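Q: Have a look at this prediction, sequence included:
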Amino acid sequence: MTSAHKVRKAVIPAAGLGTRFLPATKAMPKEMLPVVDKPAIQYVVQEAVSVGLTDILMVTGRSKRALEDHFDRVPSLEATLEDKGDTAKLKAVQAATDLGDIHYVRQGDPKGLGHAVLRAKQHVGEEPFAVLLGDDLIDDRDQLLSVMIDVQAKTSGSVIALIEVEPSQISAYGCADIEEVEGEDYVRVRKLVEKPSPEEAPSNLAVIGRYVLHHSVFDVLEETEPGRGGEIQLTDALQTLAAAEGEGSGVYGVVFRGRRYDTGDKLSYLKAVVQLACASEDLGPDLRKWLTSFAAELDS
């Protein structure tokens, strides 16, 4: 197989401890925190499935059994809802179990995102694949992953997602030094800098949690030494690929200007819940009305 094959598989790293949300995540995976009426992880799986990636590998860790349970069938619950005639809730419950073919592997030692991605090597094989991080939710009205898959097919390299941020915020992200590709709506990545100061940042383009990778990244990750925080960093492996030549080399970027919801910390998570609830058909009208009134009271 070569990189010319269509992307079929998605890898979702979900082994993090979620310490920013303690004590809520003491006994519950952070990926299971509800965002309106679904756990955050379901949005990510739905995004993968929506572009045809129905073969999904979750890289989990200890205390993550709830993830498997959520995407598994619960016949007794389904029977109870069916007996009650509650077809709406029954349909919602079954939606999670019918999404795709979901597999699980444990990361074992918490050695960083690069190590988590490397755990997918056997499952992925010699194919390009997508990596979706659960802290970033992409609005289903906007296209990102499908565009990245197209760019990967064109370039046969690896593709990252970028957003424009205020220069003062770039130190919270990985930052891309890029060059334009003539006649194309994607860019070539010359260098990646992890969390630079605003003065040292080569651009205001920040890396977010969507990747479409050539399988050669696995060989690079196996040779990548622990970096920032003593962990194997995916960014370091991509930097190697960006500077390499030959099959699977080259890193490209898609600049995303759609709606993205960050659930990586408490304040961002709360904002995401409010934004998505306001956009929903059932909750939105009443919530927007209440928020307008509540905001007016705050200003008074």
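A: Good, I have the coordinates.

Q: all contacts plus neighbour counts: C-alpha atoms, from now on.
A: OK.

Q: give the contact list for the residue positioned nearest the centre of the chain.
A: Using CA atoms, centre = their mean, the residue of the chain that lies closest to the mean C-alpha position is Leu133, 2.5 Å off. Leu133 sits next to Ile12, Pro13, Ala14, Val44, Gly209, Arg210 when contact means CA atoms under 8 Å, 6 or more residues apart in numbering.

Q: Let's have those residues in a markdown table, adding distance to Glu247, secondary structure and pLDDT.
A: Converted to a markdown table, the contacts of Leu133 look like this (distance: CA to CA, whole Å; DSSP: H, G, I helix; E, B strand; the rest coil; pLDDT from 0 to 100):
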| residue | distance to Glu247 | secondary structure | pLDDT |
| --- | --- | --- | --- |
| Ile12 | 25 | strand | 97 |
| Pro13 | 26 | strand | 95 |
| Ala14 | 29 | coil | 92 |
| Val44 | 30 | helix | 96 |
| Gly209 | 24 | strand | 94 |
| Arg210 | 22 | strand | 96 |
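
Q: biggest separation within those, which pair?
A: The span of those, defined through CA to CA, is set by Ala14 and Arg210 at 13.9 Å.

Q: Compare the two and say which one has the larger neighbour count.
A: Ala14 (27 against 23; other CA atoms under 10 Å).

Q: sorry, back to before: which of the contacts of Leu133 lies closest to Glu126?
A: Within those, proximity to Glu126 (CA to CA) peaks at Ile12, which comes in at 17.8 Å.

Q: What's the separation between the closest one and Tyr43?
A: In this view, Ile12 and Tyr43 are 12 Å apart by CA to CA, to the nearest Å.

Q: Of the two, which one has the most company?
A: Per other CA under 10 Å, whichever of Ile12 and Tyr43 has more neighbours is Ile12, with 24 against 19.

Q: if we can go back for a sec, how close does the residue nearest to the centre of the chain sit to Gly209?
A: Shown here: Leu133 relative to Gly209, a distance of 5 Å by CA to CA.

Q: can you check Pro167 too?
A: From Pro167 to Gly209 the distance is 19 Å (CA to CA).

Q: and if you look at Phe218?
A: For Phe218, the distance to Gly209 equals 18 Å [CA to CA].

Q: of these two, who's got more company?
A: The residue with more neighbours, out of Phe218 and Gly209, is Phe218; 23 against 16, by other CA under 10 Å.

Q: That one reaches Lys121, doesn't it?
A: Yes: in terms of CA atoms under 8 Å, Phe218 counts as a neighbour of Lys121; the distance is 6.4 Å.

Q: so what sits against both of these two?
A: By CA under 8 Å, 6+ apart, no residue touches both Phe218 and Lys121.

Q: Strands along the stretch 101-250 of the chain, start to end?
A: Assigned by DSSP state E, counting those that start in this stretch, the strands in the stretch 101-250 of the chain fall at 101-106, 129-132, 136-138, 158-164, 174-180, 187-194, 205-213.

Q: Arg259 is nearest to which of these?
A: Per CA to CA, nearest to Arg259 of the strands of the stretch 101-250 of the chain: strand 136-138, 6.2 Å.

Q: which other residues reach that closest one?
A: By CA under 8 Å, 6+ apart, strand 136-138 touches 40, 43-44, 47, 144, 208-209, 258-264.
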